[in-house]
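>>> Need coordinates for the following:
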Amino acid sequence: MAAVVAGSIAWIGVIAIGLQLADRSASSLGFDLELLIDAGRDVAAGRSPYAEGLVAGDAPLATSLFYSYPPPVAQAFSVLAAVPSRATLVLWSVGAVVGLLVVTELLRRALGPHRSRREVMVVVAACAPLTLPFAVGVLFGNLDIWFPFLYGAMLLAAVAPGRVTAVGGGVALALAAMKLHPASLGLWFLARTFREQRPEGRASARLVVVTAVVVGALIIGASIVVAGPAVWSEYLDVVRAGFAATIVDPRNAGIAASLAALAGADDAFARSLHVIVGVAAVLVTAWAAWRRSDPVESFAWATAASLATLPVTWYHYPSALLPIAVAAMLRALGPDMRRVSILVTAGAVIAAVALVWLPLLWVAIGLIVAAARASAPPSVRAPARAPVPVVG
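This next block holds a predicted model:
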């Protein structure tokens, strides 16, 4: 009841803020989704979705508004060119919440079948807006509000290995990789094909990788057939321009950018430092797959690392950890339940406080990883080790 009351107030607050934003002359409601819609309209009209300046190599501000996703995203949105933007935003937000609930139910069946379906679904639906990165993503129409669904599908392939879950996880990985930084999870699944202790887990991880590669190739191939290779050449030009983007900004929670800001350094320093951060993120992903035997904790580490692979980390990115928090709560038992609940709650609170000072976002992320570890059965909390051959 407490969750329902708090969540209902939060949802009312999100809707009220949305209505206020919509009434402004220069509305910021759904501005990120509007970029995708405009790109789709450009494609539908036979134009390039990319700004001429970016294609020409002009370095952008990372915090400015411009379309920089791969061509298939704009091509997909061209189907919605005739739909009013506000209607698209409503459908977009409702769909993301439904996706979170679908993943929650599947995780409940896999990790906590003893728990009441009604109670779990109501609590997650009520608490979703209390996770401010997700609530902000809903208001701005960010693509990342679908990450709880996509990351949740990948997590499901890890905790409930099977043909159906693996194919679903592979499709989710291919779709999430359109945002680029989640592609690092492909490395995690690849490493699990060698290190996963369960034979069915190794087979599932292998199928995830194969499915992601096939689906990704089909998406790129279909994009080229529909629009030709020129738009992909423009996309590569935009990516190259992005390497010189201005990234030191108080709205960017990227590790390198935050450290540069604290040191009073410039963008050149931040970009150089991010090379180290990016390599570290890849190493953490590989380490998690190789050394953490528990799939939920291991995936939590890899998810956290995926948010640091690019030099820009926006406030709404950590919504990707929602299914991990759900999984941790679902499987926590006995005395672990209280500890996991405290860690998850503290993560949500600190994520809210991070609106004041963004680097705290990484503390919130760390608390969810800690909750995943605390929820693991004692038998799998130790690091994964290679099997010791028995002689004699």
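
>>> So residue 264 versus residue 270, what's the distance?
11 Å (C-beta to C-beta, to the nearest Å). Where C-beta positions appear, they are placed from N, C-alpha and C, glycine not excepted.

>>> Those two: who's more crowded?
Shown here are residue 264 and residue 270; by other C-beta atoms under 10 Å, residue 270 has more neighbours (25 against 8).

>>> So for the host helix or strand of that one, what gets flagged as buried?
Using DSSP states H and E, residue 270 maps to helix 267-291. Buried positions in helix 267-291, judged by neighbour count with 16 or more other C-beta atoms under 10 Å: 267, 269-271, 273-274, 277-278, 281-282, 284-290.

>>> again, but for stretch 129-140
For stretch 129-140, burial by neighbour count (16+ other C-beta under 10 Å) applies to 129, 130, 131, 132, 133, 134, 135, 136, 137, 138, 139, 140.

>>> Could you list the low-pLDDT ranges of the stretch 1-150 of the chain?
Confidence mapping of the stretch 1-150 of the chain against pLDDT under 70 gives the ranges 25-27, 59-64.

>>> can you rerun that using 80?
Residue ranges of the stretch 1-150 of the chain with pLDDT under 80: 1-3, 24-28, 57-66.

>>> what does the stretch 151-300 of the chain give?
For the stretch 151-300 of the chain, residues meeting the criterion pLDDT under 80 lie at 242-245.

>>> need the strands for it, in chain order.
Taking DSSP state E, counting those that start in this stretch, the stretch 151-300 of the chain contains no strands at all.

>>> can you give me the helices for it?
Counting by DSSP state H, counting those that start in this stretch, the stretch 151-300 of the chain has helices at residues 163-176, 184-195, 199-227, 230-242, 255-263, 267-291, 295-306.

>>> Put the alpha carbons of the fifth one into PDB.
When you say that, I think you mean helix 255-263. Only the C-alpha atoms of helix 255-263 are listed here, as PDB (Å, rounded to 0.1, in the frame of the first residue of the first chain):
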ATOM      1  CA  ILE A 255      33.300   9.800 -15.800                       C
ATOM      2  CA  ALA A 256      36.000  11.500 -17.900                       C
ATOM      3  CA  ALA A 257      34.000  14.700 -18.400                       C
ATOM      4  CA  SER A 258      33.100  14.900 -14.700                       C
ATOM      5  CA  LEU A 259      36.800  14.400 -13.600                       C
ATOM      6  CA  ALA A 260      37.900  17.000 -16.200                       C
ATOM      7  CA  ALA A 261      35.300  19.500 -14.800                       C
ATOM      8  CA  LEU A 262      36.500  18.900 -11.200                       C
ATOM      9  CA  ALA A 263      40.100  19.500 -12.300                       C
END
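
>>> Next, the buried residues of that helix.
For helix 255-263, burial by neighbour count (16+ other C-beta under 10 Å) applies to 255, 256, 257, 258, 259, 260, 261.

>>> just how off-centre is that helix within its chain?
Averaging C-alpha coordinates over helix 255-263 and over its chain gives two centres that are 22 Å apart (C-alpha atoms, centre = their mean, to the nearest Å).

>>> who's in contact with it?
247-250, 252, 265-267, 269-271, 273-274, 276-277, 308, 311-313, 358-359, 362 (C-beta atoms under 8 Å, 6 or more residues apart in numbering).

>>> Likewise for the fourth one?
Contacts of helix 230-242 from elsewhere in the structure, counted by C-beta under 8 Å, 6+ apart, are 48-50, 54-60, 62, 68, 70-71, 220, 223-224.

>>> So of the buried residues of stretch 129-140, which two are at opposite extremes in space?
Using C-beta to C-beta, the buried residues of stretch 129-140 reach their maximum pairwise distance at 130 and 140, which is 17.4 Å.

>>> just to revisit the earlier point, mind checking which of the buried residues of stretch 129-140 land in helices?
132, 133, 134, 135, 136, 137, 138, 139, 140 (DSSP state H).

>>> any chance of these in CSV, with distance to residue 207 too?
Output for those, formatted as CSV (distance: C-beta to C-beta, whole Å):
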residue, distance to residue 207
132, 36
133, 31
134, 29
135, 35
136, 35
137, 30
138, 33
139, 37
140, 35
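
>>> what about stretch 48-66, start to end distance?
Using C-alpha to C-alpha, to the nearest Å, the end-to-end distance of stretch 48-66 comes to 13 Å.

>>> ok, now stretch 174-186?
Taking C-alpha to C-alpha, stretch 174-186 runs 9 Å from one end to the other.

>>> Residues contacting that stretch, please?
Contacts of stretch 174-186 (C-beta under 8 Å, 6+ apart): 69-70, 72-73, 143-144, 147, 150-151, 154, 173, 209, 211-213, 215-216, 219, 281-282, 285, 302-303, 305-307, 309-310, 320.

>>> Just the buried ones among those residues, please.
Buried subset of the contacts of stretch 174-186 (neighbour count, 16+ other C-beta under 10 Å): 69-70, 72-73, 143-144, 147, 150-151, 154, 173, 209, 211-212, 215-216, 219, 281-282, 285, 302-303, 305-307, 309-310, 320.

>>> Residue 3 is nearest to which of the helices of the stretch 151-300 of the chain?
Nearest to residue 3, of those and by C-beta to C-beta, is helix 295-306 at 21.7 Å.

>>> From the contact counts, what lies against the helix or strand following that closest one?
Using DSSP H and E, the helix or strand that follows helix 295-306 in sequence is helix 322-331. Using 3 or more C-beta pairs under 8 Å, 6 or more residues apart in numbering; DSSP states H and E, the elements in contact with helix 322-331 are helix 85-111, helix 147-159, helix 295-306, helix 335-353, helix 360-374.

>>> Tell me which of these sits nearest to residue 15.
Nearest of the helices and strands packed on helix 322-331 (C-beta to C-beta): helix 85-111, 10.2 Å.

>>> starting at the chain centroid, how far to that closest one?
Going by C-alpha atoms, centre = their mean, where helix 85-111 is centred and where its chain is centred differ by 14 Å.

>>> and what of stretch 110-122?
Distance of stretch 110-122 from the chain centroid (C-alpha atoms, centre = their mean) equals 23 Å.

>>> coming back round to it: are any of the contacts of helix 230-242 buried, and if so which?
For the contacts of helix 230-242, buried by 16+ other C-beta under 10 Å: 48, 49, 50, 54, 55, 60, 62, 68, 70, 71, 223.
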